[in-house]
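In: Please work out how this folds:
(2 chains)
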Protein chains: 2
Amino acid sequence: MTIDAAAPTPIEAVPTVIQARLTEFFDAVAPTVAAISPVVTAGADHLRAFVLNGGKRVRPTFAWAGWQCAVQTTDPQVNPDSTDVVTLGAALELVQACALIHDDIIDRSDTRRGRATVHRVYDAEHAESGWSGSSSHFGESAAILVGDLALAWADDLAGTLPRHVAPIWSAMRTEVLGGQLLDIVNEASGDESVDAAMAVMRFKTAAYTVARPLELGAALGDASADLIAALAGIGADLGLAFQLRDDLLGVFGDPATTGKPSGDDLVAGKRTVLIADGLSRAHATAPEAAQALRSSLGRQLSDAELTAARDILRDVGAVGAIEDRITHHLQQALQAIDDLPTGARARTDLANVATAIAYRNS
Amino acid sequence: MTIDAAAPTPIEAVPTVIQARLTEFFDAVAPTVAAISPVVTAGADHLRAFVLNGGKRVRPTFAWAGWQCAVQTTDPQVNPDSTDVVTLGAALELVQACALIHDDIIDRSDTRRGRATVHRVYDAEHAESGWSGSSSHFGESAAILVGDLALAWADDLAGTLPRHVAPIWSAMRTEVLGGQLLDIVNEASGDESVDAAMAVMRFKTAAYTVARPLELGAALGDASADLIAALAGIGADLGLAFQLRDDLLGVFGDPATTGKPSGDDLVAGKRTVLIADGLSRAHATAPEAAQALRSSLGRQLSDAELTAARDILRDVGAVGAIEDRITHHLQQALQAIDDLPTGARARTDLANVATAIAYRNS
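Out: Predicted coordinates for the structure are as follows:
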């Protein structure tokens, strides 16, 4: 590592840096795609628009934070080569693009980040062109393939990283896909237990969104096994805080900030920890409320019905319990961050990011 | 490279060797999968059954043939370490599993290799369990995720190979996914031209099935750029011969050997080169036959209708023209194989495999 007089990139700049790296990637792959057909260029353009137009870049930010912990084990601040951690961040965003594009097919979602989902874009193109066959089936088919391209391209980028990160990268992909499979099986089979919701949360979101990116970034910075293990523990807490906040936003979030419809998780009938815990508490203390809450799941709701369902979740104590859990996990993480054997700035940055995701409103 | 007295593995043994490597892979990934949920173990088991129960292992065989060309540049025969080319073969079969599982959703196919397709397996499980929601949508959703796992795992295996093969591996995945996207757009938009069918064939099948595996195997054997280029040219010819034979089997194949329904491509309404050329020839010389052929596309056919459609394709000369093309591409490939600067056994094996796939009946 060489000492560089230039100011180090601040963690707040990660989204901008990742945007540039993703743009560079799409520019680089364009000739290969164009050599096949303009149809494939159009598909790559849909993916590019999806990837570049949004997203909080949570995973690249955690990867960066983990990497900072590894490379800033001593002050004063240095500015080590961040090429690999930037590539990692871009690769994480491409995995996420695959996950979202395929999830949107599975959840039959029409909008994402305030725009039409990829399968709906293709569906509309098919209908407008007057092509033969089912427009919706065509839309889903094309979006399956565009999501596959995103996953393949994520691996192309990750494949350029040092080999020792591969086992973490591999585990992360298996966990997010396996967690999503578990999620749809739980939903179909009607498993309403908090345990089932926690298992999905742990793999589909917590490990994938926080712990694995932190570990990957730290491994890229050649962190010790002890530091990686400490970050994995912090990531487990923060991942739960992240998802529990997501549960609250999925019922109480403001569409203007979340970009999702009001009460989205109720309408979709999702069995989040919030909803599972609310049902469980209502069953124990207010059977009529449990009945009313269950009848609000998986269908369109009027404003009055939505308000009533929200009131039940508050009244039975589920909302307060989730807020307490978030605070508990965040505090545990902040304590562990404070104890990390790394530079002050790496600890401060990680603590700030941790607090921001636990108390975010979008 | 060390000289080994043991007899080298014959190319005929590749399917057996690949089967063992795939079994080893599924055994190795089982604990990671089990740690998530029994639901994910069940998903991995569906994939394992799909991958292990069938397939001609065409891609691993071509990879092996390409590798032999690189390592047998001189006789007498030696037995170099084949670990990497076996891993490559297993990775190719996992990419193929993803491609087939997702294609079966797209084509709404009920059977594959004589068994229920993955989405139909999940569809049936959902229906038998009396779960909520649409069984067919659940089946497709689960199969999207199982296919994604196959692609991620293919990349996990490929990621252990020497770095210099990565650009070929990367191009191959983009080509097969892009070719499939082009295929569904051509089909929906009703592009019946032979040019459109040839573009799909070139990327979706020819490069992916023959040329890229040959190149990958050769690159693993540290082949010269000249040898890799020569194999790419041979692969282009053989890939076209492979797909043109597939076109004939898709209309004239015996279900007992192909494992697919009789006249499958007609029923599915595919615009293969055979069918595109048949339509084009009929338009020019026998408008009524063209009309009859077109009306046989994309619907169930009686035995008499199937026979009539086959007769049209023969009578207008499309079948003979495809056979001629197959012979032309095979002869061109055999000539080039004969000129390869490699050992006699490598050339003989490649020539035998080439002839077998050009004249196969399944």
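
In: And for the residue lying closest to A:W67 once chain neighbours are set aside, the neighbour number?
Out: Leaving aside its sequence neighbours, A:W67 sits nearest to A:G217 (C-beta to C-beta, 6 or more residues apart in numbering or on different chains; 3.6 Å). Every residue, glycine included, has its C-beta placed from N, CA and C. The number of residues packed around A:G217, counting by other C-beta atoms under 10 Å in any protein chain shown, is 32.

In: Please tell me how far A:G217 sits from A:A154.
Out: According to C-beta to C-beta, to the nearest Å, A:G217 stands 16 Å off from A:A154.

In: what does A:R59 give?
Out: 11 Å.

In: Mutual contacts of those two, please.
Out: A:L92 (C-beta atoms under 8 Å, 6 or more residues apart in numbering or on different chains).

In: List the contacts of the residue nearest the centre of chain A.
Out: For chain A, the residue nearest the mean C-alpha position is A:T209 (5.2 Å; C-alpha atoms, centre = their mean). The contact partners of A:T209, by C-beta under 8 Å, 6+ apart, come to A:58-59, A:62, A:239, A:242-243.

In: Most neighbours among these, please name it.
Out: A:F62 (33 neighbours).

In: To which secondary structure element is that one assigned?
Out: helix A:58-71 (DSSP states H and E).

In: Can you show me the CA trace of that helix as PDB?
Out: Extracted in PDB, the C-alpha atoms of helix A:58-71 (Å, rounded to 0.1, in the frame of the first residue of the first chain):
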ATOM      1  CA  VAL A  58     -26.700  -0.100  -0.100                       C
ATOM      2  CA  ARG A  59     -24.600  -3.200  -0.900                       C
ATOM      3  CA  PRO A  60     -21.700  -1.300  -2.600                       C
ATOM      4  CA  THR A  61     -21.700   1.100   0.400                       C
ATOM      5  CA  PHE A  62     -21.400  -1.700   2.900                       C
ATOM      6  CA  ALA A  63     -18.700  -3.300   0.700                       C
ATOM      7  CA  TRP A  64     -16.800   0.000   0.800                       C
ATOM      8  CA  ALA A  65     -17.300   0.300   4.600                       C
ATOM      9  CA  GLY A  66     -15.900  -3.200   5.100                       C
ATOM     10  CA  TRP A  67     -13.000  -2.500   2.800                       C
ATOM     11  CA  GLN A  68     -12.300   0.700   4.700                       C
ATOM     12  CA  CYS A  69     -12.200  -1.300   8.000                       C
ATOM     13  CA  ALA A  70      -9.500  -3.500   6.500                       C
ATOM     14  CA  VAL A  71      -7.300  -0.900   4.900                       C
END
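
In: After it, heading C-terminal, what element do we hit next?
Out: Helix A:58-71 is succeeded, C-terminally, by helix A:83-106 (DSSP H and E).

In: gap between whatever helix or strand comes next after that following helix and the chain center?
Out: Next helix or strand after helix A:83-106 toward the C-terminus (DSSP H and E): strand A:111-112. Distance, stretch centre to chain centre, for strand A:111-112: 15 Å (C-alpha atoms, centre = their mean, to the nearest Å).

In: State the mean pLDDT of the very next helix or strand once past strand A:111-112.
Out: Sequence-wise, the next helix or strand downstream of strand A:111-112 (DSSP H and E) is strand A:115-116. What strand A:115-116 shows for mean pLDDT is 91.

In: any idea of the pLDDT on the nearest residue to A:N361 once chain neighbours are set aside?
Out: Excluding the flanking residues, the one nearest A:N361 by C-beta to C-beta, 6+ apart is A:T257, at 5.2 Å. You'll see A:T257 listed with a pLDDT of 86.

In: can you pull the contacts of the closest residue to A:D183 other than its chain neighbours?
Out: Excluding the flanking residues, the one nearest A:D183 by C-beta to C-beta, 6+ apart is A:V200, at 4.6 Å. Neighbouring residues of A:V200 by C-beta under 8 Å, 6+ apart: A:179, A:182-183, A:186.
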